[in-house]
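**Student:** any chance you can model this:
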Amino acid sequence: MKFRRHSREEVGINLTPLIDVVFLLLIFFMVSTTFTRETQLSIDLPEAEGQPKQPPEKLIEILIDESGIYRVNGQTLADNQMRTLQAAIRRYSGGDMTLPMFIVADAQAAHEDVVKAMDAAGQMGYAHLNITTRQPVAPPALSGSREAP
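**Tutor:** All right, here's what the predicted structure looks like:
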């Protein structure tokens, strides 16, 4: 006996609507996304070698402590105004703009106070300012011998 084969219709999923939705989502995200370029400042700091210079006999030293109080050649100023700072610099320099000027700021001092001191000196005509730093403290050397527990 001869049996008739039944032809089966293949079941499939139509992917066309899915592809349409994916493209619509892609277009939506491309249009709604803002592309911002992140900026950052890359700084390569120089390294210094050599011996420190001996300070000259007559100089102007502006010391800025962590609370923003100025001292010019060791004398504490009455306030933190720029006019007071300029008057103290003028008094110690005697009008000589060629004297070397050193700005010594505490590590915790506000950047604003340091810039104010630099601005005061620049307005008075000082072109060469020195900002002092300290040598980094080397970590203590480890001993080669260890005690047994």
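
**Student:** now do the helices in the protein.
**Tutor:** 16-32, 82-93, 111-124 (DSSP state H).

**Student:** just for this protein, where's the confidence low?
**Tutor:** Regions of the chain meeting the criterion pLDDT under 70 cover residues 1, 37-50, 52-53, 55-56, 133-149.

**Student:** strands along that one, start to end?
**Tutor:** Read by DSSP state E, the chain holds these strands, from start to end of the chain: 60-64, 70-72, 75-76, 101-105, 129-131.

**Student:** just put those strands in a markdown table and tack on distance to T33 and mean neighbour count.
**Tutor:** Where C-beta positions appear, they are placed from N, C-alpha and C, glycine not excepted. Shown next, in a markdown table, are the strands of the chain (distance: least, C-beta to C-beta, whole Å; neighbours: other C-beta atoms under 10 Å):
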| stretch | distance to T33 | mean neighbour count |
| --- | --- | --- |
| strand 60-64 | 46 | 20 |
| strand 70-72 | 50 | 20 |
| strand 75-76 | 56 | 11 |
| strand 101-105 | 44 | 19 |
| strand 129-131 | 44 | 14 |
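
**Student:** would you list the ones you listed in CSV and tack on distance to L18?
**Tutor:** Output for the strands of the chain, formatted as CSV (distance: least, C-beta to C-beta, whole Å):
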stretch, distance to L18
strand 60-64, 67
strand 70-72, 71
strand 75-76, 77
strand 101-105, 64
strand 129-131, 65
